[in-house]
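K.L.:
I would like to see how this sequence folds:
(one chain, ligands or ions: 2)
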Amino acid sequence: MDTLRIEGGQVLRPDMTVERADVLVDRDDGTILDIGTDLDADASETLDADGCLVMPGLVNAHCHVSMTLLRGYADDKELDAWLREDIWPAEAALTADDIRVGAELGLVEMIRSGTTTFADMYFDVPEIVDAVEDAGLRARLGHGSVTIGKDDDDAWDDIEESIEIAREFDGAADGRIRTAVMPHSLTTVGEKYLREAAAEAHEDDIPVHYHANETTDEVDPIVEERDEHPLSYAKDLGMLTERDFIAHGVHVDDEEISLLAESGTGVVHCPASNMKLASGMAPVQDMLDAGVTVGIGTDGAASNNDLDMFDEMRDAAMIGKLAADDASAVAAEDVVRMGTAGSADAIGLPGGALEVGGVADIAVVDLDAPHLTPANDLVSHLAYAARGSDVRHTVCDGQVLMQDREVLTLDESSVMERAREAVTELRDRI
Ligand SMILES: N[C@@H](CCSC[C@H]1O[C@@H](n2cnc3c(=O)[nH]cnc32)[C@H](O)[C@@H]1O)C(=O)O
Ligand SMILES: [Zn+2]
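P.N.:
Numbers count the residues shown, from 1 in each chain. Ligands and ions are numbered 1, 2, ... in the order given. The predicted model follows:
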């Protein structure tokens, strides 16, 4: 058997306790064989974790990965103007090659910050599929469709593309890639298209993922037109089921929180994007109290502006306390759970916890740094003090993606160089 032993570290267990242990991984099937201090087996390969915390790989539950190319391209604007005036025109000029290199750049960034799994809404998805296959991450991918401003034929084409992409690539990369049908939002996609997209997806047991209740501009028109709140509308459309997950959920009322909890629909909280676009403060503690499955996502790099899930966990804790006006709200354990198991549950992929028999998706965090000293409470450090750059090794599906900060599956400097060139040309085209 081909095995990997991560040895000498402390291990974060699913109950958020930390214990000294080695982790033995079966690289053939990508699962954890054993966790303990006296594992016998001679491993085929070892990763040194001395002075490190071994934790589940982080799960970035909402992203637009190729938007790394638009990092710093347009800042300091609210959502609607930012999308219409800057982002959508720039995206219209992106080529398939741009999408590929933008995705690779995002994947390098995620691997370097301990993210092993992500959910992504973008276009030219086959390019992203190929990039993920090579990079070795786990992902739930989909084509984002928009129908407003399009004639009926173009609108249907875009919806059908989302459905076809989801069917074609589900199970790709030896099963590491799953898919979802991804209508962009409840206000940028018309009712009949949403209904059809959800029905088609669910017919094949494929989830639906969309932006919802991100800004008041997305809530008010629905309330005015339909005399119901967006998530009640989503329920009528068949888009609020156990397998589905929404991004944001900032402006949700108590009734909508109950709908999320009853249906089991996942919510992906994107605190940095919500702060940067001044979208608002999601009632995360209320959602957790109600039993909603809450994960964390970075959103695209143009509204963040990085893909570091450690930043995101800290932001979630900070804004969660502010939103609840309570310093005990959205505590360290809660954000670490949301950034790992919560995200994995929300997007319906395995991972998010280190357990025997579970997938070997692992981040090894080097604790030997001034900002992580002393080790009073390692869960607190993960939530409040650690950075993506503290990650030393990243493992996904039993394969080592980064060892001693060297990315093994992609050529980091060539990816950066190609991304710089792509953006120089893109700016000329726009
Ligand atoms: N097929 C669509 C693209 C949809 S992909 C998903 C879209 O979400 C956009 N996006 C990124 N961040 C956010 C956000 O925070 N809220 C809403 N949309 C976003 C992103 O720029 C991208 O255009 C088209 O051709 O216009
Ligand atoms: Zn988004």
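
K.L.:
and the gap between the closest residue to ligand 1 within the chain and Thr394?
P.N.:
Closest approach of the chain to ligand 1 (Cβ to the nearest ligand atom) occurs at Gly144, with a separation of 2.6 Å. Placement of C-beta: from N, CA and C, glycine included. Gly144 is 27 Å from Thr394, where distance means Cβ to Cβ, to the nearest Å.

K.L.:
one more: Cys63?
P.N.:
Plainly put, Cys63 is 16 Å away from Thr394 if you go by Cβ to Cβ.

K.L.:
ok, now Ala131?
P.N.:
Distance check for Ala131 against Thr394: by Cβ to Cβ, it reads 16 Å.

K.L.:
more neighbours, the two?
P.N.:
A count of neighbours by other Cβ atoms under 10 Å puts Thr394 above the other of Ala131 and Thr394, at 29 against 25.

K.L.:
over to the more buried one: give its phi and psi.
P.N.:
Note on Thr394: its backbone torsions stand at phi -130, psi 130 [degrees, to the nearest 10].

K.L.:
contacts only, for the closest residue to it other than its chain neighbours.
P.N.:
The shortest distance from Thr394 to any non-neighbouring residue, by Cβ to Cβ, 6 or more residues apart in numbering, is to Met402 (4.2 Å). Contacts for Met402 (Cβ atoms under 8 Å, 6 or more residues apart in numbering) come out as 111-112, 391-394, 408.

K.L.:
tell me the helix or strand right after the helix or strand encompassing Met402.
P.N.:
Using DSSP states H and E, Met402 sits in strand 399-403. Counting by DSSP H and E, the next helix or strand C-terminal to strand 399-403 is strand 406-407.

K.L.:
need the residues of this protein near ligand 1, please.
P.N.:
64, 79, 83, 87-88, 91, 121-123, 144-146, 158, 184, 211, 214, 273, 299-300, 303 (Cβ under 6 Å from any ligand atom).

K.L.:
output stretch 134-150 as PDB, nothing but the C-alphas.
P.N.:
This file holds the C-alpha atoms of stretch 134-150, laid out as PDB (Å, rounded to 0.1, in the frame of the first residue of the first chain):
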ATOM      1  CA  ASP A 134      -3.700  19.300 -12.700                       C
ATOM      2  CA  ALA A 135      -3.500  21.200  -9.400                       C
ATOM      3  CA  GLY A 136      -5.000  18.400  -7.400                       C
ATOM      4  CA  LEU A 137      -7.600  20.200  -5.400                       C
ATOM      5  CA  ARG A 138     -11.200  19.100  -4.700                       C
ATOM      6  CA  ALA A 139     -13.900  21.400  -6.100                       C
ATOM      7  CA  ARG A 140     -17.600  21.900  -6.800                       C
ATOM      8  CA  LEU A 141     -17.600  23.900 -10.100                       C
ATOM      9  CA  GLY A 142     -20.400  25.500 -12.100                       C
ATOM     10  CA  HIS A 143     -21.100  27.900 -14.900                       C
ATOM     11  CA  GLY A 144     -22.700  31.100 -13.700                       C
ATOM     12  CA  SER A 145     -25.700  32.200 -15.800                       C
ATOM     13  CA  VAL A 146     -27.200  35.700 -16.100                       C
ATOM     14  CA  THR A 147     -30.400  36.300 -18.100                       C
ATOM     15  CA  ILE A 148     -31.200  40.000 -17.500                       C
ATOM     16  CA  GLY A 149     -30.400  42.100 -20.500                       C
ATOM     17  CA  LYS A 150     -30.500  39.100 -22.800                       C
END
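
K.L.:
what's the domain layout of the chain?
P.N.:
What the record gives for the chain is the domain set 3-56+355-407, 58-347, from automatic domain parsing.

K.L.:
wait, a strand at Phe141?
P.N.:
Wrong residue type there; residue 141 is Leu, not Phe. Yes: counting by DSSP: H, G, I helix; E, B strand; the rest coil, Leu141 is part of a strand.

K.L.:
contact partners for it?
P.N.:
Contacts of Leu141 by Cβ under 8 Å, 6+ apart are 119-120, 125, 128-129, 132, 165, 169, 177-180.

K.L.:
and it, how far from Cys63?
P.N.:
10 Å.

K.L.:
and Glu312, by the same measure?
P.N.:
11 Å.

K.L.:
of the two, who's got more company?
P.N.:
Glu312 (31 against 28).

K.L.:
and the more buried one, that's in a strand?
P.N.:
No: remark: Glu312 does not belong to a strand; assigned using three-state DSSP, it is helix.

K.L.:
hang on, it packs against Ser273?
P.N.:
No: applying Cβ atoms under 8 Å, one finds Glu312 not in contact with Ser273, separated by 9.4 Å.

K.L.:
between those two, which contacts overlap?
P.N.:
Residues touching both Glu312 and Ser273 by Cβ under 8 Å, 6+ apart: Thr298.

K.L.:
ok, then the element right after the helix or strand of the chain with the lowest mean pLDDT?
P.N.:
Ranking every helix and strand in the chain by mean pLDDT, DSSP states H and E puts helix 79-81 at the bottom, with a mean of 93. Downstream of helix 79-81, the next assigned helix or strand under DSSP H and E is helix 88-92.

K.L.:
now do the buried residues in that next one.
P.N.:
90-91 (16 or more other Cβ atoms under 10 Å).

K.L.:
now do the residue nearest to Leu186 when sequence neighbours are not counted, the pLDDT please.
P.N.:
Closest residue to Leu186 apart from its sequence neighbours, by Cβ to Cβ, 6+ apart: Pro230 at 5.2 Å. Looking at Pro230, its pLDDT reads 98.

K.L.:
test my guess that Pro230 contacts Glu218.
P.N.:
Yes: using Cβ under 8 Å, Pro230 makes contact with Glu218 at a distance of 6.7 Å.

K.L.:
okay, and the common contacts of these two?
P.N.:
Contact criterion Cβ under 8 Å, 6+ apart; residues shared by Pro230 and Glu218: 186, 212.

K.L.:
cheers, nothing more for now.
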